[in-house]
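1. Pasting the sequence and the predicted model now:
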Amino acid sequence: MKMRKQDMYLEPVISSLLVGKLRKGSFKDLLLIELKGWYLFVAAALTQTISNILYTKGSGVISDFLISSFLYVHILTYLFIFIGIIMNFPKKSMILLLIGSLLNFAVITANQGTMPVQMDEYSKVHFGEMDIRHSLVTDETKLYYLADIIPIPRPYPLPQILSIGDIFIILGVFMFIQELMVTKVKSSIAL
């Protein structure tokens, strides 16, 4: 099994939907989402996904090229993310997303385009082999405290290893959904 970083988005989305409903929010408001530059977030996700698929399924030449240039792939991905986030200021959730993204970007660029993962924590979660986006922490790892070093092990149903940046991103995703579902309820009550 490979690193499943996408699981970190599942939890804040589901929990925020539940909390939003408890706060008298509306699922219908999610359909009215006004996310400027949404295509930039899609482009970032596609860039990462396609790179990972080409790396795992591609020939030696493609894999070697991706390994040697993955820092640039990550920079392009984060450029899409940063522009998309900034286009959606002044939403409070976007500030959290920007902080988390900047922290992750810093550690990834300092480590040649990969997010370092603490080996002891990695083995606790039982993920198996690394993917192109991750590397194991070594003595040469830069910005260690920003790396994936916070374990969420089994028996938790979605075991994973998080970074400080991931925590900000999780909070930002949670808050973004709350802003969509509940903000209109508050403003209509105030009237």
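-> In hand now; what should we look at? Numbering: from 1, shown residues only.

2. So what touches stretch 72-90?
-> With Cβ atoms under 8 Å, 6 or more residues apart in numbering as the test, stretch 72-90 has contacts from 35-38, 40-41, 43-44, 47-48, 51, 66, 94-95, 97-98, 101-102, 105, 108-109, 113, 133. Quick note: C-beta positions are derived from backbone N, CA and C, even for glycine.

3. mind checking how far that stretch is from the chain centre?
-> Relative to the centre of its chain, stretch 72-90 is centred 12 Å away, using Cα atoms, centre = their mean, to the nearest Å.

4. average pLDDT across it?
-> Per-residue pLDDT over stretch 72-90 has a mean of 94.

5. Output it as PDB, restricted to C-alpha atoms.
-> Coordinates of each C-alpha in stretch 72-90 appear next as PDB, following Å, rounded to 0.1, in the frame of the first residue of the first chain:
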ATOM      1  CA  TYR A  72       9.800  21.600 -10.700                       C
ATOM      2  CA  VAL A  73       6.500  19.600 -10.900                       C
ATOM      3  CA  HIS A  74       5.900  20.400  -7.200                       C
ATOM      4  CA  ILE A  75       6.800  24.100  -7.800                       C
ATOM      5  CA  LEU A  76       4.200  24.200 -10.600                       C
ATOM      6  CA  THR A  77       1.600  22.500  -8.500                       C
ATOM      7  CA  TYR A  78       2.100  24.900  -5.600                       C
ATOM      8  CA  LEU A  79       2.100  27.900  -8.000                       C
ATOM      9  CA  PHE A  80      -1.400  26.800  -9.000                       C
ATOM     10  CA  ILE A  81      -2.500  26.400  -5.400                       C
ATOM     11  CA  PHE A  82      -1.100  29.700  -4.200                       C
ATOM     12  CA  ILE A  83      -2.700  31.700  -7.000                       C
ATOM     13  CA  GLY A  84      -6.000  29.900  -6.400                       C
ATOM     14  CA  ILE A  85      -5.900  30.600  -2.700                       C
ATOM     15  CA  ILE A  86      -4.900  34.200  -3.100                       C
ATOM     16  CA  MET A  87      -7.800  34.700  -5.600                       C
ATOM     17  CA  ASN A  88     -10.200  33.700  -2.800                       C
ATOM     18  CA  PHE A  89      -9.000  36.100  -0.100                       C
ATOM     19  CA  PRO A  90     -10.200  37.400   2.300                       C
END
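
6. in that stretch, what counts as buried?
-> Under the neighbour-count criterion of 16 or more other Cβ atoms under 10 Å, stretch 72-90 has 73-74, 77-78, 80-82, 84-85, 88 buried.

7. Out of the residues you listed, list just those in helices.
-> Assigned to helices by DSSP state H, the following of the buried residues of stretch 72-90 qualify: 73-74, 77-78, 80-82, 84-85.

8. Columns distance to Ile170 on top of the residues you listed, output as JSON lines?
-> What follows is those, written out as JSON lines (distance: Cβ to Cβ, whole Å):
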{"residue": "Val73", "distance to Ile170": "23"}
{"residue": "His74", "distance to Ile170": "20"}
{"residue": "Thr77", "distance to Ile170": "18"}
{"residue": "Tyr78", "distance to Ile170": "18"}
{"residue": "Phe80", "distance to Ile170": "20"}
{"residue": "Ile81", "distance to Ile170": "15"}
{"residue": "Phe82", "distance to Ile170": "18"}
{"residue": "Gly84", "distance to Ile170": "18"}
{"residue": "Ile85", "distance to Ile170": "15"}
